[in-house]
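Asker: What shape does this take:
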Amino acid sequence: MIHSAEEVEYINLKGLLILMAAKAPGGKKRPRRKRKLRLSLRQSKIKKADTYTDSLGWSTDVGRTLEDAPKKAEPETLMIQCDMCGCRLKIPKPKRARYTVTCSYPECNHIMSFD
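Answerer: Okay, the predicted model is just below:
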């Protein structure tokens, strides 16, 4: 009887001889090297200066630009100090050059006129 693998002998509990095939000796294979994949779409180095110039197609300099309207830097309210009692009054900005302000402190009621 020709066997391709080794035979290993075992003895049963009843004393009988059992022939079992052992695994064939395997040659050791080198483990495969895992390849690292780069999954990002970002540039490896961010460039400081943008060298791209658009020479064809839509022009970026000509035409209507959609921007927010410039906001006024002037305050909407004024802080005025009463001449008599020294209270600070916060009043809306007047629309005319001449206006009068009455002190809101109940005991003062001083009227200030501005020309």
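Asker: so what's R88 up against?
Answerer: Going by CB atoms under 8 Å, 6 or more residues apart in numbering, R88 touches M79, I80, Q81, C82. For every residue, glycine as well, the C-beta is placed using N, CA and C.
Asker: Please name the nearest non-neighbouring residue to the third one.
Answerer: Think Q81. R88 (5.3 Å; CB to CB, 6 or more residues apart in numbering).
Asker: Likewise for P92?
Answerer: Distances taken as CB to CB, 6+ apart place T77 nearest to P92, at 5.7 Å, with adjacent residues excluded.
Asker: try C108
Answerer: By the measure of CB to CB, 6+ apart, the closest residue to C108 outside its immediate chain neighbours is C85, 4.3 Å from it.
Asker: Model confidence for F114, exactly?
Answerer: As predicted, F114 sits at a pLDDT of 90.
Asker: if we can go back for a sec, report the buried members of the contacts of R88.
Answerer: Buried by 16 or more other CB atoms under 10 Å: C82, out of the contacts of R88.
Asker: got the residue ranges for the strands in this structure?
Answerer: Taking DSSP state E as the criterion, the chain contains strands spanning 7-11, 17-21, 77-81, 88-92, 99-102, 111-114.
Asker: quick one: low-confidence parts of the protein?
Answerer: For the chain, applying pLDDT under 70 flags the ranges 1-22, 42-48, 50-65.
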